[in-house]
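A.B. asks: Starting from these lines, generate the structure:
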Amino acid sequence: MQRRWAWLLGVAATVLVLAYAIALLIDEPLRRLTERQVNARMTGYTARIGHLDFHPIGFAVDLRDVVIVQDAHPDPPVLRVPRLTASVQWRAIIHGQIVANFTMHAPEAHVDRTHLIRELEDPAPVEERGWQEALQAIYPLKLNEFRIDNGTVTYVDGDRVPPVTLRELEVLINDVRNVSSAPDVYPSPVRIEGVVFDDGRLRVDGHADFLRVPHLGVKGHIGLEHVPLEALRPIVARYGFTLAAGTLTGRGHVEYAPEVKIVDLDEVRVDGLRADYASRARTARPVQAAAEATAEAAREVANKPDILIRAKQIRVSGATVGFVNEDASPRYRLFLADTELVMENFSNQRTEGTARAKLTGRFMGSGATVVSATFRPELDGPDFDVDARIENTDLKAMNPLLRSHAKVDVASGIFSVFAEMRVKSRRVEGYVKPLFHDLDVYSEAQDEDKSLGQKLKEKAAEVVGKVLQNRPREEVATVVPLSGPLENPKAGTWATLIGLVRNAFIKAILPGFERARGLRR
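C.D. replies: Prediction:
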């Protein structure tokens with residue numbers, strides 16, 4: 001009996017030794033074969049496999065030092081994987097299915113914006129580029145579990161800007177082939193976690209249906225915590241925006257499937273935003289193109305029954321935002337400090353009701369600002385109401401603007417403005433009423449280096465200001481009506497609002513100074 005067991009153990013050991021010996025002998029031929037088959041099934045990309053280990057026990061394969069490059073732009077590689085493991089998913093066998101697990105250990109993906117744009121312009125559909133076939137060339141079984149362990153994604157926007165990263169990426173996707181779950185809409189659990197831009201956190205918990213046609217379906221909860229917005233600086237810079245600080249936090253439900261698209265956010269919060277928009281000729285075209293594309297997208301999804309975009313609350317806290325006119329001479333900056341914004345019930349569906357927003361802040365650091373607005377989903381262009389007031393702004397802080405547009409400046413003065421605007425059916429109705437008081441245009445100390453002609457012009461402006469004053473309150477008042485078609489009927493809600501505020505604001509400030517110039521003539 002003991003001899004029989006010894007004989008059986010000896011046979012088993014011999015088989016194991018032979019199996020591993022054969023595995024060692026076939027590792028390199030199998031590596032070359034796998035690499036050749038992967039490349040034969042991919043279009044526009046080339047893979048290199050540094051080493052392959054075949055494990056007879058468990059029927060597993062380890063690929064080491066896998067590198068994938070885009071043929072048109074081979075440096076840097078789009079993907080590096082120190083180790084990729086493929087094995088049989090044994091628990092699926094009890095359900096009568098033979099499928100595989102794939103695990104990528106510490107992969108590094110590199111996404112270049114220029115290369116990505118060219119890739120997206122490729123007319124060949126993604127399914128025809130061979131990615132799924134390439135995975136099956138590595139391992140002959142259908143993928144059922146996919147895992148990423150400690151992954152990194154680097155996005156490069158250009159040679160002159162720093163990259164942005166998503167690191168410590170953990171991804172687990174189960175039951176891709178739907179072999180262990182009852183038939184359901186979304187049978188495959190999906191979990192994603194990672195660090196966004198060094199300090200922020202990303203978490204996705206949901207389910208997917210990878211076998212749905214014409215494309216996959218996915219739904220779940222997404223959460224972002226304290227994502228630093230300054231990492232987006234290189235991306236928004238081409239549109240004239242400067243991001244100096246701010247963090248983004250948000251949470252909500254997302255569903256994307258052939259039958260329905262839903263983005264339903266419970267909360268979006270931006271804290272400590274520091275941002276300017278610089279108006280300059282070289283960025284005007286991309287800004288306009290982006291605004292028109294956004295407006296067109298808004299019109300396409302407005303009130304569509306299968307698309308829901310909703311945010312229960314959007315909050316901006318402690319922000320300083322500015323507008324810089326780079327093309328003016330001299331350049332000037334208008335800003336709103338200590339800004340607080342709360343928007344509730346934002347949606348693309350009219351059945352969800354109107355969205356309401358309230359903004360407070362200090363214009364130019366001194367003028368108490370309150371803006372209330374009501375927005376309705378678009379049917380025939382932007383549809384909103386705005387009531388705004390700015391009170392007791394130190395006019396001296398606006399001297400660069402006055403020099404640029406009225407060719408004068410002030411030694412002292414207080415500025416306030418009140419406005420109402422109603423936009424509907426591609427028309428605007430309303431008014432802007434500015435008030436000036438305690439206006440002092442000429443100052444010997446401030447103007448000692450100016451020419452005699454400039455001093456005389458500003459003195460004339462001071463005289464006219466005094467003539468126009470309402471004596472009991474020592475105020476200069478002008479009402480500017482707003483009535484007529486929108487300047488750009490193709491613009492969306494936000495572009496229209498910003499344009500109206502900018503134009504109305506300039507018209508509100510300058511009438512008194514323009515009168516002074518007319519009197520001088």
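A.B. asks: contacts, neighbours, all on C-alpha from now
C.D. replies: Noted.
A.B. asks: thought residue 372 was touching residue 384?
C.D. replies: No - in this structure residue 372 lies outside contact range of residue 384 using CA atoms under 8 Å: 10.7 Å.
A.B. asks: pLDDT score assigned to residue 97?
C.D. replies: Looking at residue 97, its pLDDT stands at 65.
A.B. asks: Let me fix that, I meant to ask about residue 186.
C.D. replies: 83.
A.B. asks: Report the contact partners of residue 388.
C.D. replies: 369, 370, 371, 372, 418, 419, 420 (CA atoms under 8 Å, 6 or more residues apart in numbering).
A.B. asks: ok, residues contacting the strand or helix carrying residue 374?
C.D. replies: Counting by DSSP states H and E, the element that carries residue 374 is strand 367-375. Residues from elsewhere that reach strand 367-375, judged by CA under 8 Å, 6+ apart: 346, 354-363, 383-394, 416.
A.B. asks: What's the mean pLDDT across it?
C.D. replies: Here the average pLDDT along strand 367-375 is 94.
A.B. asks: Neighbouring strands - and their directions - for that strand?
C.D. replies: strand 355-363 (antiparallel), strand 384-394 (antiparallel) (DSSP bridges).
A.B. asks: Could you pull out the buried residues of stretch 187-203?
C.D. replies: 187-197, 200-203 (16 or more other CA atoms under 10 Å).
A.B. asks: meant to ask about stretch 205-218, not that
C.D. replies: 205, 206, 207, 208, 209, 210, 217, 218.
A.B. asks: cool, and stretch 304-320?
C.D. replies: 307-320.
A.B. asks: Turn the residues you listed into CSV, including pLDDT and secondary structure.
C.D. replies: Listed next are the buried residues of stretch 304-320 as CSV, based on pLDDT from 0 to 100; DSSP: H, G, I helix; E, B strand; the rest coil:
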residue, pLDDT, secondary structure
307, 83, strand
308, 83, strand
309, 86, strand
310, 90, strand
311, 92, strand
312, 94, strand
313, 94, strand
314, 95, strand
315, 96, strand
316, 96, strand
317, 96, strand
318, 96, strand
319, 97, strand
320, 96, strand
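A.B. asks: Look up how far residue 242 lies from residue 234.
C.D. replies: 9 Å (CA to CA, to the nearest Å).
A.B. asks: same question but for residue 343, I mixed them up
C.D. replies: 23 Å.
A.B. asks: do the same with residue 39
C.D. replies: 43 Å.
A.B. asks: ok, now residue 164?
C.D. replies: From residue 164 to residue 242 the distance is 16 Å (CA to CA).
A.B. asks: Residue 432 too?
C.D. replies: Taking CA to CA, one finds residue 432 at 29 Å from residue 242.
A.B. asks: Spell out the secondary structure type for the residue most central in space within the chain.
C.D. replies: The centroid of the chain falls nearest to residue 232 when counting by CA atoms, centre = their mean (8.0 Å). Here residue 232 is recorded as helix under DSSP: H, G, I helix; E, B strand; the rest coil.
A.B. asks: mind listing what it touches?
C.D. replies: 164, 243.
A.B. asks: Quick check: it vs residue 157, distance?
C.D. replies: 10 Å.
A.B. asks: repeat for residue 263
C.D. replies: Distance of residue 263 to residue 157, computed by CA to CA: 27 Å.
A.B. asks: just the strands in the stretch 201-350 of the chain please.
C.D. replies: 217-228, 241-256, 261-279, 307-325, 332-347 (DSSP state E, counting those that start in this stretch).
A.B. asks: Export these as JSON lines, with columns for distance to residue 86.
C.D. replies: Putting these into JSON lines (distance: least, CA to CA, whole Å) gives the following:
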{"stretch": "strand 217-228", "distance to residue 86": "25"}
{"stretch": "strand 241-256", "distance to residue 86": "29"}
{"stretch": "strand 261-279", "distance to residue 86": "34"}
{"stretch": "strand 307-325", "distance to residue 86": "38"}
{"stretch": "strand 332-347", "distance to residue 86": "44"}
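A.B. asks: just so I know, which of those strands lies nearest residue 99?
C.D. replies: Residue 99 lies closest, by CA to CA, to one member of these: strand 217-228, at 21.0 Å.
A.B. asks: Pull the number of nearby residues for residue 424.
C.D. replies: 19 (other CA atoms under 10 Å).
A.B. asks: Then residue 432?
C.D. replies: 22.
A.B. asks: That one touches residue 479, doesn't it?
C.D. replies: Yes - Residue 432 lies in contact with residue 479 (CA under 8 Å); the separation is 5.8 Å.
A.B. asks: was I right about residue 483 contacting residue 428?
C.D. replies: Yes - judged on CA under 8 Å, residue 483 makes contact with residue 428 at a distance of 5.4 Å.
A.B. asks: Tell me which of these two has more neighbours.
C.D. replies: Between residue 483 and residue 428, counted using other CA under 10 Å, residue 428 has the larger neighbour count: 21 against 14.
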